[in-house]
Structures are given as C-alpha cells and as structure tokens.
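Peer 1: just coords:
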C-alpha cells in the first residue's frame, strides 16, 4: 500500500505537468465554464432577435439586432456619449493621478508612503453607493461647492462654467461636468496604483544617467520617466476606461438622465426583456476595449514591460 | 443579473403551465413561508418599531417568514421562476405574466374567511382574475400624484400641463429645469393619459394600449417634456433629495415621497389633477410549487384581517384593499409618520379609484385596439427620449 | 599644470552617518585614478559628489579650474558609467548611445556617424536595434561605455563597472578599459572594491576607509609601502606586527607590516635581520604555492612556500618553524 502511494508520488514528481494540471483544473474550469462560458452564452444572444409582435426572443441567427444597435441614432448617441466620457475620465484620472503616483514612488519615506496607500485605498473600503450619494450632495444646487463659492463671492464663476454648452447644466450634479468629477474621483485609485507601481520599478540610476548625459529634469521626465510609466498609465486607463464604460449607477444618480451603455444593458435585459439588444450593447465595450488595447500597444505603451 | 435572466429563459421553456385544481381544504402550517416582496412591504418593526405586521402572523401560525425583496417587477418574475418561494406581492405589470407562465396557482377564495371584506372594486380585478378564476389576494393599491412645491406653485394645479408644457409658475419663474419625471418607460402612459383627455381625436382608450399613432403622439409630448426636465427620478429617496437640494418643484410622484417631504417640513403638497393619474395595484400570489401552501393561505387571511392593511397604508402612502381598515392605522409623528391616520385613505386617494389607470404591461395583443406597441418598444424609445431624441 | 579635478575639504553626512570626512584629492588630466575601499567606505559617495548627484555639506569641487560644487550634473563635462549600467530599457542600443546627442540637438546624420564610430570602438556594430534586455552583461557594459564616451567627456566616472561580470569577462574588460582610456586620453576615475582590479589598471589609487582617505599613491607604493595598518591589511595579504610585540620580541621600536613573499621558512637565521619561532595553524594549497598560516603568541603571520622540484614541502600542521625576514622588506606603520 505504502509502496504504491510512493510510486504515485514518484510518478507525480517526475511528471510535474500532471500535478500542475490536477491543481489548476478546478480554477480553470471555473474560469472557463462559469466565467467565460456564461459570458459567451450571453453575448451569443446578440445574434438572436426580439419578435416585434409577440415581444419574445426568437432563437434564430440574425444580425438584425446588431444592425438595430448601430442604425438607431438614439443608440449611437448612447455609445458615443459613453465612450467620450470614459476617455475624458481616463485622461482626467491620469492627469490628476500621475503627480500623486510620482510623488509616492520617488519622494516619500516608507512611513509617508504607507499613509498615501491608506489615503488612496481608504475610500475603496467604504460603500461605493455612499460615496456617489455624498457627491450628489456635494455637487447639488444647495450643496457644499455652491455654498463655498457663494461665501467667496465666486458664484458668477460657477454660473459661467455651468452655462458652457454640452458640459454645463442647471447645477453641477445635473451636468456632464459633475459626472466627470464623480467618475474621476471614484476610479482614481485604479489609476494611481498601477502608475505608482510602474514608477517604483524605475531605478533612480536611470534618472541620474539621464542628467549625467546632459538632460534637464524636464527632458528626463519626457524622455525617460514618462515612457517608463506608460505601461502603468495604460494599465490604469484600462481600468478607468472599462469601469466607466460599464458603470450604470453613477449615471442614475448624477447627470441629466441621458443613458449610458451600462444603463442600456441593465434596462434592456431587465425591464424590457430584450436580451438580444442588451447583449449587443455589451459587445460594444468589449470591442472598444480591444481597439483601445490594440492602439495602446501600437503606441508602445507596453514596450517598457 | 445576466445569469438570472438566462435561467429565467430556460425556465420559461421547462415549466409548462399546470392547471391543477386549487387547494380544497386547509391543513396545519408547515412552519415556514418564503416571500418575494417590494422593499418596505413586509415590516417587522426593524425600520420603525411600531410598524410590524409580520411578528403577529408568525406568533399565530408558527410560520416563520423569510423575505426576499425585489427592486423591479422583472426581478420578481425572475425570482419566482427560479423557484423556492411561496408567495409574491406582484404588481399589475407582473401578475398576468406569472399567471400566463403558470408560475402561480389558482387560489380557493373559500379558504380565506375575510375575502368578502375586500373592496368590491378589487375582488374581480383583471390583473389577478382570468376566466373567472382567482390567482391572488389584493394586497395594496395606490396612485401616483402630482407633487409640487408650494413656494413655487401657490395653488394646487388642476392639470398635468405644468409638467408637460412650459409654464410660468406663481413665483414668476418658468418651470423649465424644475420639473422631474419618472425615468421608467411606464411614464409614457402618463403622457398617453394626458393626451387621452386633451386630444380625444387620437382615440386613446387605455394609456397602456396604444396604437402606433397614439404612441408617437405620446412620445412627442415626452420630447417636449424633456426640455423642462433637468433630471429624471429613479429612486424615491433620490427624488426627495432633489426636491430638497436641487430646486425641483414639480413632478409626477408617489405619496411616499410626499409624506416624507411633508414630514421633513418641506413646502410640499400633492394633488390628482383632472386628467386622472396612473397607479399601481399589488396582489399576493401563490407559487405553483409552493411547499408551504397552508402557511401561504394563512398569510392571505392575515393580510386582510390584521393590522397590516391599515398600517401599511399609512407606512407606504397606499390605500388598503379592505376599506373597513381605513382610519385605524398608526399615527406617530415622533416616529416620523405624519400621515393623518383618520384620513389616510382619503389622502392616499381611495376616492380616486375610477380616475386611476393601473400599471400593466403593454402587449401587442391588446383589447381596446387592433394592435398595440409592446413594452420592449416603450423601453427603447423612452431611452431615446431621455437622450434627447 | 591644470588639474582635472580638485576636491578641497569635502564633508558629507547622511543624518548621523559620516559619509565623507575632510576629503582632499587632486587628479591629473589623463590619469587613470581609482577610488578603492570596502563597501561603505565613502568611495561611491565621493564619486557622486564629483558627478554632481550629491552636494557636499562643505568643501569645493573644481573641474579644470572651474568651481562646480553646486552645478547640476547635466551642466558638468563629466560622464558616468553606473554600477547597474542604467541603460534605458525602452530604447535600443542606438537610441541609448545617441541620447546625449539628441539632447544637444546635434543633426541626425552627424549623430549617425558618431554612433557608428563609437559602436565600432566598443565592437558592437550590428547591435544597433537590440534592446538592452536582449544583450549579455558584457555587451550592456560596452553600451554603457559607448553612451558615456560618445560625448568625449574630459572625465569619465566609473562606478564598479565590472562588478556584475564573471572573472574571465572582467579580466578582458579591464584590458579594454585601459585601452579605451589610452585611446581617448581622458581622465578615468574608477570606483572599485576589488584591489586586484585597482592595482592592475590604475596610475594612482586613493584608499578609502570610513569616509576618510588613508593613502593616495601609485599601485606599487600602495602595495610595497602601505602607510597605515588598514592599507597594509586591505591590500594583498600581509602580516601586521604591533608596536609592543615588536619592542618586546624583536627589539624594534615601530609596529610594521610584512608581505608573505618576504618571509622565509627555516632559512639560515644569520642572513636575516629578524627571526621568530611560530607554529603552523594551517597549510592552504593555492596553485603555484602553498599559503602557510602561522601563529606566535597572539600574532598571525602568513608565509608562502613556492612549489619547486628542488624544494619539497616538508612541514606539516602543528610543526614549529623559524620565520625570518630582512629590515628592508618591512613597512613601518604610523601609530
């Protein structure tokens, strides 16, 4: 008995890939069947269509749902609105997040760095909804920002900003500007941490080498620091971009009630029972992300990996 | 959500309608009752201690109540299709779907002693009675109201025109940007109801059964409304916040928000204008495969005969299905309940029953017209209206 | 004559740690000068002060008669080869090497010819498009050299450049570095903890210990005439005879050091100035010789026995032997 067990363990030792397979099989099955499988089944629904008369899903392969998605101006509006906001949020988060990440990675003592980690992560430990609702109050017409600006006699400035076409609105909480602020705030940690990690991996000797070769701080930043931080910025923007593409909570709470992709998916598959159209909407973020990553790779975002 | 819906689809193939005879005699309780309900519908005193209509039932019957709350009618249907539940508080836009799908069973009203106390207008209502068979016990009903800020609108508006057309309000400012509307597609029915009154030539007979022309006219009205609406409301508490902090003054709303805003001493009042109002009527229905059927029947009796009807009416701003329960509800300003107990039913619109168009799911095969625009079109087009198209 | 570098009274502290203490150093133009010392002795900090990456707390740094104490690195005509080479990982060999030319906005075609020239000098033609990650350690070293030399700096600072290479490669690179220095006729300031490397390559060496310079001299003098016990001990193998032992047992008034090759075993005592009895603690085979570790009282002495047909090793561990040497071979140590 013992010898056969021994033989078995010897066998496993010599054939390490079998042992690996035994360990990896359950998570792989999980990933493959539960995770990807259900996603594929759902997305496959975009090839079915809703019968206009009965309102029931017809299980026949057809591109009519996808055609419907791209032929309706209202749907195109939703797609463009979402992608533009996601881009703006990613850029905003990178612009705000980079200096913080740079400071954390290069200029802090270990103690202060822990403080920064906590400060960045702490909001993530509280409820997402609580934070979004708080922002609704902060941005409201009777909210903190208005109050502070009124005290500073700067209400005219806010009014001027809110009277801008497209981004403005009756109040910050009922405008694209407000949505941009809230989205940027909510996803900022997902931008700072990858950038910080990528900068952490840039040894100081590279910066010294650049100064040594005659580059000023500014030149060093653009030629050495920024290219080496690009994978971090790309990773961070993949988070902020895809999270914004899929979110449906913030557009319900902040903004002008104009729909975003996440809401369209939620509404079509939920209240309308139009699963094919919901699936077609879900294809868009996947496609956009694929294009986004393709171009990020083309532009060399992952060269320094 | 994705997975739930797929399962729901699978079930719609598997569970064929079972037209078995209803229960003939009542046995003893099985000790458990699993409920799918709207949030706030089954209170056991956890929110406000005085509001408890579950504990009494458990003590009397020995049936332990397990509550699963649902946020939308579709979630309710999906949960019921998944199984494992005994009863559901279904709204009119879900109840007929559950009956057609065979998910709920016919009930024997002889086993519910208090059945005769139900408002006669509800006893045979079309959203739970099919071919003379009863599929549930009326739970609660209510109407949407026109909520307004008395600082901006000094007298109760007599028409919904203040939310559909640009007007100068009594504070001298336009209503533009100060109007809210519900962000669910069912709001199209509010516009149809308005047109039904003001443009009889369209021939609208039921705001939930619209021909394409009637439907397009309703959408045009809503596009006009989009210019007035800064933000649509989605959630009762968000609307309360918007009326408090964002300067909104007019909206089609629920008595629930009105009560809470009045309770918070905001200058808020409500009315039902001449065109009437849309509303909801919920029914307790029993799952076809319920394993605790005796407890389910005992619950239906409890819901009619106990403090549930009166207290829930006060709590939720709704009207009891048992008129004799009017005026017996709790009244506790200290607990934040400002509804006037004696007049609760009047305030919540018991006399407006005939003016109310109860929610139901728009379907292609409709009764009052040759063919109607189905609900999924409502969804797509209302999203477009919200987006400014 | 103008010195390539002067350091005057340089002091530098990191919090409580003294990194450099009163450093004075003159380096001639065209010299191959090494800063040698154990790790933490201040040699790298000294290099950083010269390169401009650290500012001294006090003192002056002068390059070719120009005070550069507070001049940033990018304005000094000095280039550095870093310990880890510090090649830019996102640039290929050509881009790395031409980095400083690009910064100076030198025309493209001129850049190209300069890069070609320097790459042929370090024997890296054909590797222009490779990324640093695709090069071997030795090749990276050459790229780092090329990148620093392309500007023809007046002084090249090298921070343990061969530390990461294996022995064979290191010996080859030592030879090539020396050749490059002759070819370019520029000053090399070379930081190393490897005494062999410093002795074989340098014109002069500064020995660092605990933030101070112990001795500045030619390799020959450093080896044969160490001024302090630290230098004597640090450079090569040596036996230190403390002053009190010398007075008591050898009737000599100074402490001194003696190299093992100058100690004779069991020779005719009359021919030598000093002689002492010791027992053998260990005998270590070293290839062309044996190292004989001896002890008398608490003094350790090391002698050598060269392999020779006529002179077989006829001693063993535990034997008592006679060690003797001449006065001319000892180095008196400062107290």
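Peer 2: Okay, I see it. All of these numbers come straight from a predicted model, not from anything done at the bench.

Peer 1: what's the biggest helix by length in chain B in contact with?
Peer 2: Ranked by number of residues, the top helix in chain B under DSSP state H is helix B:212-226. Residues outside helix B:212-226 that contact it (Cβ atoms under 8 Å, 6 or more residues apart in numbering or on different chains): B:163-165, B:179, B:181, B:187-188, B:191-192, B:194-195, B:199, B:202-204, B:210, B:372-373, B:377, B:381-382, B:385-386, B:388-389. C-beta here means a position set from N, CA and C on the backbone, and glycine is covered the same way.

Peer 1: chain neighbours aside, what residue packs nearest to residue 94?
Peer 2: All of this is about chain A. Counting by Cβ to Cβ, 6 or more residues apart in numbering or on different chains, residue A:94 lies nearest to residue A:233, which is 5.5 Å off, once chain neighbours are set aside.

Peer 1: oops, wrong one, chain B.
Peer 2: residue B:73 (4.0 Å).

Peer 1: what's the distance between that neighbour and residue B:185?
Peer 2: Going from residue B:73 to residue B:185 by Cβ to Cβ, to the nearest Å gives 12 Å.

Peer 1: again with residue A:85
Peer 2: Counting by Cβ to Cβ - residue A:85 and residue B:185 are separated by 23 Å.

Peer 1: what about the helices in the stretch 201-305 of chain A?
Peer 2: A:204-212, A:217-220, A:226-246, A:250-253, A:261-269, A:275-298 (DSSP state H, counting those that start in this stretch).

Peer 1: pipe these into TSV and attach mean neighbour count per row.
Peer 2: Formatted as TSV, these follow (neighbours: other Cβ atoms under 10 Å in any protein chain shown):
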stretch	mean neighbour count
helix A:204-212	21
helix A:217-220	14
helix A:226-246	22
helix A:250-253	22
helix A:261-269	25
helix A:275-298	18
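
Peer 1: for residue B:259, find the nearest of the ones you listed.
Peer 2: Nearest of the helices of the stretch 201-305 of chain A to residue B:259, taken as Cβ to Cβ: helix A:250-253 at 22.6 Å.

Peer 1: by contact count, what packs against the closest one?
Peer 2: Judged by 3 or more Cβ pairs under 8 Å, 6 or more residues apart in numbering or on different chains; DSSP states H and E, the packing partners of helix A:250-253 are helix A:128-139, helix A:176-200, helix A:261-269.

Peer 1: of those helices, which stretch is the most buried?
Peer 2: Mean neighbour count (mean count of other Cβ atoms under 10 Å in any protein chain shown) peaks for helix A:261-269 among the helices and strands packed on helix A:250-253, with a mean of 25.

Peer 1: now for it, which elements pack on it?
Peer 2: Applying 3+ Cβ pairs under 8 Å, 6+ apart, we find helix A:261-269 packed against helix A:73-107, helix A:226-246, helix A:250-253, helix A:275-298, helix B:375-386.

Peer 1: recalculate using a threshold of 6 Å.
Peer 2: In this structure, helix A:261-269 makes packing contacts with helix A:275-298, judged by 3 or more Cβ pairs under 6 Å, 6 or more residues apart in numbering or on different chains; DSSP states H and E.

Peer 1: what comes into contact with the helix it packs on?
Peer 2: A:42-43, A:45-46, A:48-50, A:57, A:65-66, A:69, A:79, A:83, A:234, A:242, A:245-246, A:261, A:264-265, A:268-269 (Cβ atoms under 6 Å, 6 or more residues apart in numbering or on different chains).

Peer 1: give me the element residue B:191 is part of.
Peer 2: Residue B:191 is part of helix B:188-198 when elements are defined by DSSP states H and E.

Peer 1: contacting residues around residue B:122?
Peer 2: B:138, B:321.

Peer 1: SS state for it?
Peer 2: What DSSP: H, G, I helix; E, B strand; the rest coil gives for residue B:122 is helix.
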